[in-house]
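Participant: Quick one, what's the 3D model for this:
(chains A and B)
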Amino acid sequence: MKSFEAYNPIVLTAYFLSVTLVLMFCQNPIFLLLSFLGALLYVLIRNQGENGKLHLHYFLLFLLFAILNPLFSHNGKTVLFVINDTLITLEAVVYGLVSAGCVITVLYWFYSFTKIMTRDKLLYVFGKLSPKLSLVLSMGLRYVPLFADKTMRIKNAQKALGLYKEDNILDKCRGDLRVFSILLTWALETGIITSDSMRARGYGKGKRTHFSIYKFHSCDYTLLLLVAVMLVFTLLGIGIGNIGFVFYPGMAWEDVNIFGILSYIFYGALAGLPTLIETGDRMKWKYLISKI
Amino acid sequence: MIVIKNRSLRTVLKYLIPFFFIPIAAVFGTKLFTTRAYLFVSFFVAILTVVLFLSGFETREVGTRRMVIVSVMIALCIAGRFIPFFKPITAITILTAVYLGGESGFMVGSFAALLSNFYFGQGPWTPFQMLAWGLIGLFAGYFSSLLKKNHIFLLMFGVLSGVVYSFIMDVWTVLWYDGKFHLALYLSAIVSALPHILLYAASNFIFLWFMAKPFGEKLERIQVKYGI
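Facilitator: Next up, the predicted model:
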């Protein structure tokens, strides 16, 4: 048992893709509830409840998206009220709430994803897909701070020469443009030198290897298998479990069967997985500390 | 420039994606996710199309030099995304495509989208952004001789691509929200995004206006000097 974010990046990517894509493509209120709880609990546990601004931001976005649908969609048989000859129906309001909830939940999942998957982890995942892509990306990543640093140097040199004025906006723009032009020349030349150096060291001959500190441990395989099993059961339920929820004209559930119920259980477990792993890890830590 | 090195894998992908994977995604999506089939299909077709373009590019080995120049351009795009309000990413993509060809343009556009989302947050919108920016680069490459000669066309292309980029991304926004294409929602999304669209178009115009000449000169010089 280890912290959720310490698992292998490939396993983490597989997890986040399966949990979000199922929700994105299957708009089911129960899936939404389970996924939202899982995502929110994980964000809260991981950040110790320090994200007031984030939650406020997402809540406002949720309200905006929820209001949009009843204004544009007038399907449904239960009319709540009429504004300026516009029918507001209960079904459209509920549909708007569910749609907005799905969008916000996916945003919560990807918030955690962005926090957990640091750049080196993402490069590792892309490197497994295509070594060349990974090389282009990692070189791009390295150039960004290098260019920022070089820009400062060029600017200082220009200032010292008396060529960079900040008196009015036009002069500043002209100066910035000159700095950019110098940077571009330098960047292209440096790129050529880099590539010559790479070729001289034998880039492109033989198989490419790349450095990574991530290995597949037994617990990574276990988690991957667990995610795969849960995903398969969830998809099975979506396929033959009659879990559909009809919004228009009147809201109704389809007759759910045993596969549908199983898919709810498995998707709930999938969504709760990070929270469970994280809590288990913390409990173990507390237990170990208490024994000292 | 070859992204997928294995020749047989590349050939297989080139034929399998349009004739097998995309139909499979369409059938699978419409059968399994009945209410949000459009979203499913468009999401996977976007990913598969990016892979298809990357595997379908010229098969000749153009060496490391061009690859490094592409990474330099990507880094310039991302460094530029930190400028408040005005984003040079489209302008740099277009200029790279005009001088180095459509495939380099596609790679700069799509990888700049992917890489800048390392900083600004990945999400389900990444494949669509990659496709939209990549296509801008690819089309700029197709019209390169015209765009290189005529400065007015270049500026018009920049403004147009800013508008088209927003239109493509709004399709995605509507599909994500509603699961199907709802025209009224799409129009309202465009209207609410109007300031952004104008900003995109204006920043493309400004950057192309100022950068086209120095950029072109430098890229041409590099091409002549090192034979890329």
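Participant: so who does the residue of chain B found nearest chain A touch?
Facilitator: Nearest residue of chain B to chain A (Cβ to the nearest Cβ) works out as B:Ala75 at 3.3 Å. The way it works is simple: take the backbone N, C-alpha and C, and place the C-beta from them, glycine included. For B:Ala75, the contacting residues are A:139-144, A:146-147, A:187, by Cβ atoms under 8 Å, 6 or more residues apart in numbering or on different chains.
Participant: would you turn those residues into CSV with neighbour count?
Facilitator: Converted to CSV, the contacts of B:Ala75 look like this (neighbours: other Cβ atoms under 10 Å in any protein chain shown):
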residue, neighbour count
A:Met139, 20
A:Gly140, 26
A:Leu141, 21
A:Arg142, 13
A:Tyr143, 24
A:Val144, 21
A:Leu146, 14
A:Phe147, 21
A:Ala187, 21
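Participant: for chain A, what spans make up the helices?
Facilitator: A:9-25, A:29-47, A:52-72, A:90-116, A:119-129, A:131-161, A:169-200, A:218-240, A:258-291 (DSSP state H).
Participant: and the top helix by length along chain B, what other elements does it pack with?
Facilitator: Ranked by number of residues, the top helix in chain B under DSSP H is helix B:194-226. Where contact means 3 or more Cβ pairs under 8 Å, 6 or more residues apart in numbering or on different chains; DSSP states H and E, helix B:194-226 is packed against helix A:169-200, helix B:89-100, helix B:151-178.
Participant: Please identify the most buried of the ones you listed.
Facilitator: helix B:89-100 (a mean of 28; mean count of other Cβ atoms under 10 Å in any protein chain shown).
Participant: between that one and helix A:169-200, how many degrees?
Facilitator: Relative orientation of helix B:89-100 versus helix A:169-200 (axes from the mean of the first three to the mean of the last three Cα atoms, to 10 degrees): 50 degrees.
Participant: Report the distance from whatever helix or strand comes next after helix B:89-100 to the chain centre.
Facilitator: Counting by DSSP states H and E, the next helix or strand C-terminal to helix B:89-100 is helix B:102-120. When C-alpha coordinates are averaged (Cα atoms, centre = their mean, to the nearest Å), helix B:102-120 and its chain have centres 7 Å apart.
Participant: List the buried residues in the very next helix or strand once past helix B:102-120.
Facilitator: Once helix B:102-120 ends, the next helix or strand along the chain (criterion: DSSP H and E) is helix B:126-142. By neighbour count on 16 or more other Cβ atoms under 10 Å in any protein chain shown, the buried set for helix B:126-142 is B:126-141.
Participant: anything in stretch A:154-167 near chain B?
Facilitator: No. Using Cβ under 8 Å from any Cβ of the partner chain, stretch A:154-167 never reaches chain B; the gap is at least 13.1 Å.
Participant: burial of A:Phe59, as a residue count?
Facilitator: The number of residues packed near A:Phe59 is 11, by other Cβ atoms under 10 Å in any protein chain shown.
Participant: what do you get for the one 4 residues further on?
Facilitator: Neighbourhood size, A:Leu63 [other Cβ under 10 Å]: 13.
Participant: what pLDDT does it get?
Facilitator: In this prediction, A:Leu63 carries a pLDDT score of 92.
Participant: Next: the one 5 residues further on.
Facilitator: According to the prediction, A:Leu68 has pLDDT 84.
Participant: where's B:Val51 relative to B:Leu138, distance?
Facilitator: In this view, B:Val51 and B:Leu138 are 14 Å apart by Cβ to Cβ, to the nearest Å.
Participant: Pull the most distant pair out of the buried residues of helix B:126-142.
Facilitator: Spanning the widest gap among the buried residues of helix B:126-142 are B:Thr126 and B:Gly141, at 22.4 Å by Cβ to Cβ.
Participant: my guess is A:Gly260 meets A:Gly239, correct?
Facilitator: No. Applying Cβ atoms under 8 Å as the test, A:Gly260 and A:Gly239 come out as separate, 10.1 Å apart.
Participant: Can you tell me which residue is spatially central in chain A?
Facilitator: Centre of chain A computed as the mean C-alpha position; nearest residue by Cα atoms, centre = their mean is A:Phe110, 2.5 Å away.
Participant: That one touches B:Pro124, doesn't it?
Facilitator: Yes. At 7.5 Å, A:Phe110 counts as touching B:Pro124 under the criterion of Cβ under 8 Å.
Participant: Need the residues touching each of those two.
Facilitator: Listed as contacting both A:Phe110 and B:Pro124 by Cβ under 8 Å, 6+ apart are A:Thr20.
Participant: Give me the domain ranges for chain B.
Facilitator: Domain segmentation of chain B under automatic domain parsing yields B:1-61, B:64-226.
Participant: Make TSV out of those and add mean pLDDT and distance to A:Ser130.
Facilitator: Output for those, formatted as TSV (pLDDT from 0 to 100; distance: least, Cβ to Cβ, whole Å):
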stretch	mean pLDDT	distance to A:Ser130
domain B:1-61	80	6
domain B:64-226	88	11
